[in-house]
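Peer 1: Have a look at this fold, sequence not included:
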């Protein structure tokens with residue numbers, strides 16, 4: 001909750017997000033995905049991460065990937081070679097929905113930001129309409145679409161009853177009551193962390209509890 005990924009705060013958040021992703025990937029060898037609200041923000045964090053953590057293998061989604069490139073991207077996660085991998089992808093994109101990466105193929109997901117749609121004429125029209133008809137314009141135009149993408153991305157981790165993994169939600173807005181109420185019942189046990197060190201301790205306890 002110590003990180004804000006609001007547009008005005010993104011420059012300040014880049015290194016903090018990188019540090020949290022490194023802690024996640026270093027806690028347990030395996031495959032991870034980090035989802036971002038835009039390609040530009042993804043690229044900024046990826047550049048910072050690879051510069052400061054060069055020993056951590058990464059894979060980065062590009063804005064124009066054909067079918068073959070998407071297949072190759074996923075193939076690296078499906079490889080059962082024991083090698084670590086951290087993928088950078090876009091929320092609401094092809095890798096955030098409808099992808100089944102079971103077991104060791106994916107053991108952790110980070111969702112960077114609540115995924116609110118970008119403010120624009122269309123979203124503002126939706127906001128005005130639902131404010132008039134439902135009295136909840138922001139919810140229908142922004143909060144609900146954003147949380148739908150967040151839940152889809154987080155849902156990539158647990159695909160079978162045997163799967164074990166972690167989900168990291170990065171942004172203080174995830175703790176807002178109006179956002180918490182949209183989370184599924186089995187998220188009620190989520191733990192709030194205030195620093196990279198606290199996140200490291202939580203991960204160590206989790207993986208010790210779920211040793212093979």
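Peer 2: Noted; the coordinates are in hand. These figures come from a predicted structure and were not determined experimentally.

Peer 1: what's across from the residue most central in space within the chain in the sheet?
Peer 2: Computing the C-alpha centroid of the chain and ranking residues by C-alpha atoms, centre = their mean puts residue 111 first, at 1.7 Å. With DSSP bridges as the criterion, residue 111 is bridged to residue 35, residue 169.

Peer 1: need the contact list for it.
Peer 2: 35, 91, 150, 153-154, 167-170 (C-beta atoms under 8 Å, 6 or more residues apart in numbering). The C-beta positions use only the backbone N, C-alpha and C, and glycine is treated the same way.

Peer 1: same thing with residue 152?
Peer 2: Residue 152 makes contact with 92, 96-97, according to C-beta under 8 Å, 6+ apart.

Peer 1: try residue 172
Peer 2: So, once contact is read as C-beta under 8 Å, 6+ apart, residue 172 ends up touching 1-4.

Peer 1: please redo it, this time with the cut-off set to 10 Å
Peer 2: If you count contacts by C-beta atoms under 10 Å, 6 or more residues apart in numbering, residue 172 has them with 1-6, 9, 114, 192.

Peer 1: from these, which would you call buried?
Peer 2: 3-5, 114 (16 or more other C-beta atoms under 10 Å).

Peer 1: With secondary structure, pLDDT and distance to residue 21 as extra columns, can I get those in a markdown table?
Peer 2: A markdown table is the format used below for the buried ones among the contacts of residue 172 (DSSP: H, G, I helix; E, B strand; the rest coil; pLDDT from 0 to 100; distance: C-beta to C-beta, whole Å):
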| residue | secondary structure | pLDDT | distance to residue 21 |
| --- | --- | --- | --- |
| 3 | coil | 97 | 11 |
| 4 | coil | 97 | 16 |
| 5 | coil | 96 | 13 |
| 114 | coil | 95 | 17 |
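
Peer 1: Closest to residue 43 out of the residues you listed?
Peer 2: Taking C-beta to C-beta as the measure, residue 43 sits nearest to residue 5 out of the buried ones among the contacts of residue 172, at 14.5 Å.
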